[in-house]
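1. test case, fold it:
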Amino acid sequence: MNAWIDFYKPFFATPEAARSFVESLEKNKPSDPRYSATVMMHQAQRLVSIADDIDVIRPEQYSLKLFFLVICTETMSKLFQRSLENSESRHAVRFFFDQFISDHNQEVLTSAFKKPYHPKSTIETVADCLYDVRADVVLEGKHWEFKFKENGTPMLNLDPEGNVYIVSIDYAELRHIIVQGCIKAIQDYA
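-> Take a look at the predicted model:
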């Protein structure tokens, strides 16, 4: 249980609050109605940790890191909606960003993923951009093209459709926003 607690500590006001969050979920048995929330808590930690660990085998391959973060959002949505089968993946990612990302963080994201000459994106556009990077890794094996902001400098990115995005967020910031969204999904799970 310590691995879960250590992972979630930065997202709670106190270590005790993180411990309480994890322990309350760990009490659920597979027969409990809230057991999927426990699975969601485990999966968020696992998938985000894999994204973090990509640096060990493929340093600075941000498309691969993003691949696991987007899979995490998809997993959270599908478990939350109880629709693991036959659920459209792009819709699941859009649902996550729309439903579980706070208004403030949606504002951060829509400002951080911009098309040139457009003042701001929508949260659906951001979700689609991230999903398209995930799809490019899966379908084309391209795990080297996406770049986050580096040393304060926004990066130009092309999505598979040829759209240009200026990305002014770094990996750590996006990771933090996604984990916060995962926590909201877990807490909101009925």
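
2. run a quick neighbour tally on Pro10.
-> Residues near Pro10, counting by other C-beta atoms under 10 Å, number 10. Glycine gets a C-beta too; all of them are placed from N, C-alpha and C.

3. quick one: pLDDT of it?
-> At Pro10 the predicted local distance difference test score is 97.

4. any idea of the pLDDT on the closest residue to it other than its chain neighbours?
-> Beyond its immediate neighbours in the sequence, the residue positioned closest to Pro10 (C-beta to C-beta, 6 or more residues apart in numbering) is His176, lying 7.9 Å away. pLDDT for His176: 98.

5. next: His143.
-> The predicted local confidence for His143 comes out at a pLDDT of 63.

6. what do you get for Gly181?
-> At Gly181, the model reports a pLDDT of 98.

7. and for the helix or strand encompassing it, what's in contact with it?
-> Assigned by DSSP states H and E, Gly181 belongs to helix 171-188. By C-beta atoms under 8 Å, 6 or more residues apart in numbering, the list of residues contacting helix 171-188 from outside reads 8, 10-11, 21, 25, 37, 40-41, 44, 48, 51-52, 62, 65-66, 69, 72-73, 76-77, 80, 96-97, 99-102, 105, 108-109, 112, 148.

8. kindly report the same for stretch 121-137.
-> When contacts are defined by C-beta under 8 Å, 6+ apart, stretch 121-137 is touched by residues 63-64, 66-67, 69-71, 73, 89-90, 93-94, 96-98, 101, 106, 109-110, 112-115, 142-143, 145-146, 159-161, 163, 165.
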